[in-house]
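Peer 1: only geometry, no sequence info:
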């Protein structure tokens, strides 16, 4: 969107009403994809409504955590398709938020749960790198500077929400640090006992 289109969207009463109606309906029906549509729109439009953004995000997290809990109880795996992608995205974003605030244990626990309930090897391997970084209390800035390949382009759109590209061969890194990861998995396995 260019500046004129952004201004028009910000001031268009029909669009703003649509956005509010979508938000209300999505909260009532627990439609996480619609809530993400609202959240992404609010962020792009930059409406300076932090309370509304927080409210929408809190609802996204509530839906995601409830659904992830259901998957844990049913001993099922999440895919990166349809609404399940949004549950994974929300859970991951929450973990990244904790990680960015140096809450290494909280982030590590969330990454661990995701690594065990998502049926996607590429994402699972990346989550193990995250777990390793949190276990070693590598802060987010250092993680980005020394681990993440920010130049890499993700080909598959579903992976666009996650940090998957590193400055090293992921499989080799995981192999070299397998004992640390095994120790972490042993310490965290109680989280999956539902």
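Peer 2: Received it, and whenever you're ready, just let me know what you need. Note that this is a predicted model, so its numbers are computed, not measured.
Peer 1: off-centre distance for the lowest-mean-pLDDT helix or strand in the chain?
Peer 2: Every helix and strand of the chain was ranked by mean pLDDT, DSSP states H and E. The lowest is helix 3-11, at a mean of 76. In terms of CA atoms, centre = their mean, to the nearest Å, the centre of helix 3-11 is set 28 Å apart from its chain centre.
Peer 1: got the buried residues for it?
Peer 2: residue 9 (16 or more other CB atoms under 10 Å). (C-beta placed from N, C-alpha, C; glycine too.)
Peer 1: what do you get for stretch 28-40?
Peer 2: Neighbour counts over stretch 28-40 (16+ other CB under 10 Å) mark 31, 32, 34, 35, 36, 38, 39 as buried.
Peer 1: which among those gets closest to residue 116?
Peer 2: Lowest distance from residue 116 to those (CB to CB) belongs to residue 32, with 20.8 Å.
Peer 1: that closest one against residue 63, yeah?
Peer 2: Yes: Residue 32 lies in contact with residue 63 (CB atoms under 8 Å); the separation is 4.8 Å.
Peer 1: got any residues that touch both of the two?
Peer 2: 87, 90 (CB atoms under 8 Å, 6 or more residues apart in numbering).
Peer 1: secondary structure for the buried residues of stretch 28-40 - can I get that in a markdown table?
Peer 2: Shown next, in a markdown table, are the buried residues of stretch 28-40 (DSSP: H, G, I helix; E, B strand; the rest coil):
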| residue | secondary structure |
| --- | --- |
| 31 | coil |
| 32 | helix |
| 34 | helix |
| 35 | helix |
| 36 | helix |
| 38 | helix |
| 39 | helix |
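Peer 1: so where do the helices sit in the protein?
Peer 2: 3-11, 13-29, 32-45, 50-73, 82-100, 104-117, 121-135, 140-146, 170-176, 178-188 (DSSP state H).
Peer 1: and residue 154, which of those helices is closest to it?
Peer 2: helix 121-135 (10.1 Å).
Peer 1: so where is the protein shaky, pLDDT-wise?
Peer 2: Along the chain, the parts satisfying pLDDT under 70 run over 1, 194.
Peer 1: now do the contacts for the nearest residue to residue 6 once chain neighbours are set aside.
Peer 2: Sequence neighbours aside, residue 45 is the residue nearest to residue 6 in space, at 6.5 Å (criterion: CB to CB, 6 or more residues apart in numbering). Residue 45 makes contacts with 6, 9, 10, as judged by CB under 8 Å, 6+ apart.
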